[in-house]
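A.B. asks: just coords:
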């Protein structure tokens, strides 16, 4: 007896499993395993980023920085308002106690944030920029 296969659209014996179905099931299992691994790695820093206190502090820092990338504004003399995020100058994982200090937080655009994370923009430079008032 034959049956139509919903996976490949072909026809197979009734008691056989389509090889494409087996490959599909393996792929789905691998995706599940990867997503499970990722959720098991939740850190203290990850949990902090979901708190209301961080959401409020993040808004406060963005207001302080006039919703502009501080590095672009003060160093590059250009206005960047897209892709903003608040960056921890001293990493959250290594300096958790300083997670809410205004002097450790700065608003950066996506490009500057990536450069800061890679160390291309020194932490001392970012610290210095937090002390300069933002004015037009």
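C.D. replies: Now that the structure is in, tell me what you want to look at. This is a predicted model, so every value here is computed, not measured.
A.B. asks: make sure residue 48 is actually in contact with residue 92.
C.D. replies: Yes: with contacts counted by Cβ atoms under 8 Å, residue 48 reaches residue 92, the gap being 6.9 Å. (Each C-beta comes from the backbone N, C-alpha and C, glycine too.)
A.B. asks: what do those two both touch?
C.D. replies: By Cβ atoms under 8 Å, 6 or more residues apart in numbering, residue 48 and residue 92 have these common neighbours: residue 99.
A.B. asks: these two: which is more packed in?
C.D. replies: More neighbours surround residue 92 than the other of residue 48 and residue 92, with 18 against 14 (other Cβ atoms under 10 Å).
A.B. asks: so who does that one touch?
C.D. replies: Here residue 92 is in contact with 45, 48, 99 (Cβ under 8 Å, 6+ apart).
A.B. asks: from those residues, which is closest to residue 73?
C.D. replies: Within the contacts of residue 92, the smallest distance to residue 73 is 24.2 Å, found for residue 99 (Cβ to Cβ).
A.B. asks: pLDDT score assigned to the closest residue to that closest one other than its chain neighbours?
C.D. replies: Leaving out its chain neighbours, the residue that sits closest to residue 99 by Cβ to Cβ, 6 or more residues apart in numbering is residue 92, at 5.7 Å. Looking at residue 92, its pLDDT is 91.
A.B. asks: quick one: least confident helix or strand in the chain?
C.D. replies: helix 19-40 (a mean of 74; mean pLDDT, DSSP states H and E).
A.B. asks: now the residue nearest to residue 99: how far from residue 102?
C.D. replies: Between residue 92 and residue 102 the computed distance is 15 Å (Cβ to Cβ, to the nearest Å).
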